[in-house]
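A.B. asks: the following comprises the amino acid sequence and a computationally predicted model.
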Amino acid sequence: MLFSTKERTFKTLISTIPMVEIDAYFSAENVQSELKWVIDTATNSTNVDKVKAIQAELETRVVKDDVFAPVSLTFAVEGKPILDGTSRSLPTLSFNSNSTYIVGNVLTFIAICRMLGVKTFLFSSRLSAKEINQKSLARQRLAMEKVEIRILFDDEKGLDATDIVHLFKKNVLFDTALNLPHVGDGDSLSSEGGFPLRPFILQLIEDTDIESYGGVSFDAKHVKVSESAITTQYVLFKLLVGAVAGAGTQEYSKMPKDITLESGESLTSVLAGGYINNISTFMSGWLKPLKESFVSNRSGYQLSPQVWQALGLVIYQLVKDGMSSEELENAGRELGSLDYSKNAKHWKGCPVMELDAQGRIYKNAANSTRQFRLGLQEYFLKVIRDEACN
């Protein structure tokens, strides 16, 4: 069924297909770059529980043969798909699946993909082999259940990335299942503008000249060894929060929200009041000795997001201890002079590092990423203090 509005080229096609065919027509991994950091916001226990509840409901429906309304999913098609047969009762739409984006009923889509073994952009989406065997009957029946598909497109002018982001933002207002804490204003969903700490991230990048070391990725949570970037916008966000507010706030902070500190001040006001200079000074000192290794040793810990976040916690403690600007730069340079290779012997003195089974490289020995960061902070502070005593 095709819907369009006079004087507008934007159209909606509604159809039904078996659930098993969703992956053949629509991408389960596509996310517009402007929305990739929203994945962090959506990755929370509330949404995990909702996905599990949706899976349980879908299983109950197919096993018990309950009466239920068909599941509905909404996708948008980037570019200009080919619409044919509008004069007939059954028009056809031709498009590339790589140009499609889920924009409505996201968690239901994630739940379906998880049950069918399809990898998606949110959570660890595929079932384990054990789960697949346990739920074999439900999966087989679910695969043939029909799902209503709404396809939003423009075959005349085409939809661009901005349109896709706009559609996602507007659908979030109506998608009551998807929990995006503190994302009420649609504009704050864009990585190009809206979240409170972005100006300070950009200032840190400029102050430390990170671009000359390889740059920052704005589209991913963590850097890739195959690329030149040495960190990401997300990691810098966490570094800033840790440097101002410490480990607890760093752990639970979300990008769209400004943070109120125990003093009653906002995190952004503290940064704007000059605290950002402490961070830039320390990080400038840390980066300089590592310039060559950012290129020659892309597997080293100097690219680890946990190391960068631990540096934020180090700054937090050093500023709390009253270090001057010169002392902060020297402390950063001292840590930057460490060998961040995974086989570097000095890691033996780090409480959260241990040798692997082959005894060749040092790996994370902590029970959680938070404990790993705290252990790194403890070790880095010891390195700085030992140097000060010499």
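C.D. replies: Nice, thanks for sending it over. It should be emphasised that the depicted structure is a prediction, and the values quoted were computed from it without experimental measurement.
A.B. asks: mind listing the helices for the stretch 251-390 of the chain?
C.D. replies: Counting by DSSP state H, counting those that start in this stretch, the stretch 251-390 of the chain has helices at residues 267-270, 276-287, 293-296, 305-320, 325-336, 369-389.
A.B. asks: looking at the ones you listed, which is closest to Phe121?
C.D. replies: Closest approach to Phe121 among these is made by helix 305-320 (18.4 Å; C-beta to C-beta). The C-beta positions use only the backbone N, C-alpha and C, and glycine is treated the same way.
A.B. asks: starting at the chain centroid, how far to the closest one?
C.D. replies: 21 Å (C-alpha atoms, centre = their mean, to the nearest Å).
A.B. asks: for the stretch 51-200 of the chain, which spans come out with low pLDDT?
C.D. replies: Along the stretch 51-200 of the chain, the model assigns pLDDT under 70 to residues 65-67, 87-89, 124-136, 173-194.
A.B. asks: hmm, back to that, could the helices of the stretch 251-390 of the chain go into TSV alongside distance to Glu148 and mean pLDDT?
C.D. replies: Formatted as TSV, the helices of the stretch 251-390 of the chain follow (distance: least, C-beta to C-beta, whole Å; pLDDT from 0 to 100):
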stretch	distance to Glu148	mean pLDDT
helix 267-270	43	95
helix 276-287	50	97
helix 293-296	49	94
helix 305-320	40	97
helix 325-336	56	97
helix 369-389	40	93
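A.B. asks: in CSV, list those along with distance to Lys11 and mean neighbour count.
C.D. replies: As requested, these are exported to CSV (distance: least, C-beta to C-beta, whole Å; neighbours: other C-beta atoms under 10 Å):
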stretch, distance to Lys11, mean neighbour count
helix 267-270, 42, 18
helix 276-287, 47, 23
helix 293-296, 48, 15
helix 305-320, 42, 22
helix 325-336, 56, 19
helix 369-389, 45, 17
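A.B. asks: for those helices, which one sits closest to His346?
C.D. replies: That would be helix 369-389 among those, by C-beta to C-beta, at 8.2 Å.
A.B. asks: tell me which stretches of the stretch 1-150 of the chain form strands.
C.D. replies: With strands called from DSSP state E, counting those that start in this stretch, the stretch 1-150 of the chain shows them at 2-4, 11-18, 71-77, 82-84, 92-94, 100-104, 146-153.
A.B. asks: helices and strands around the fourth one, which ones?
C.D. replies: If contacts are counted by 3 or more C-beta pairs under 8 Å, 6 or more residues apart in numbering; DSSP states H and E, strand 82-84 sits against strand 92-94.
A.B. asks: and the strand it packs on, what's buried?
C.D. replies: By 16 or more other C-beta atoms under 10 Å, the buried positions in strand 92-94 come out as Leu93.
A.B. asks: and it, which strands flank it?
C.D. replies: Taking DSSP bridges as the criterion, strand 92-94 forms sheet pairs with strand 82-84 (antiparallel).
A.B. asks: so how far is the strand it pairs with from its chain's centroid?
C.D. replies: Distance, centroid of strand 82-84 to centroid of chain: 35 Å (C-alpha atoms, centre = their mean).
A.B. asks: and that strand, what's buried?
C.D. replies: Quick answer for strand 82-84 (16+ other C-beta under 10 Å): Leu83.
A.B. asks: one step back: dump the strands of the stretch 1-150 of the chain to CSV, plus distance to Ala220.
C.D. replies: As requested, the strands of the stretch 1-150 of the chain are exported to CSV (distance: least, C-beta to C-beta, whole Å):
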stretch, distance to Ala220
strand 2-4, 36
strand 11-18, 31
strand 71-77, 22
strand 82-84, 32
strand 92-94, 31
strand 100-104, 17
strand 146-153, 26
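A.B. asks: so which of these is nearest Val244?
C.D. replies: That would be strand 100-104 among those, by C-beta to C-beta, at 35.0 Å.
A.B. asks: show me what contacts the spatially closest residue to Pro289 that is not a sequence neighbour?
C.D. replies: Nearest residue to Pro289, sequence neighbours excluded (C-beta to C-beta, 6 or more residues apart in numbering): Gly336, at 3.9 Å. Neighbouring residues of Gly336 by C-beta atoms under 8 Å, 6 or more residues apart in numbering: 285-290.
A.B. asks: just Ala24 next, same as before
C.D. replies: Contacts of Ala24 by C-beta under 8 Å, 6+ apart are Ser97.
A.B. asks: that older thread, nearest to Arg385, of the strands of the stretch 1-150 of the chain?
C.D. replies: strand 100-104 (50.5 Å).
A.B. asks: what are the pairing partners of that closest one, and which direction each?
C.D. replies: Applying DSSP bridges to the sheet, strand 100-104 is found paired with strand 71-77 (antiparallel).
A.B. asks: which residues sit against the partner strand?
C.D. replies: Against strand 71-77 from outside (C-beta under 8 Å, 6+ apart): 19, 22, 26, 58, 93, 95, 99-105, 108-109, 112, 145, 147-153, 159, 163-164, 167-168, 171.
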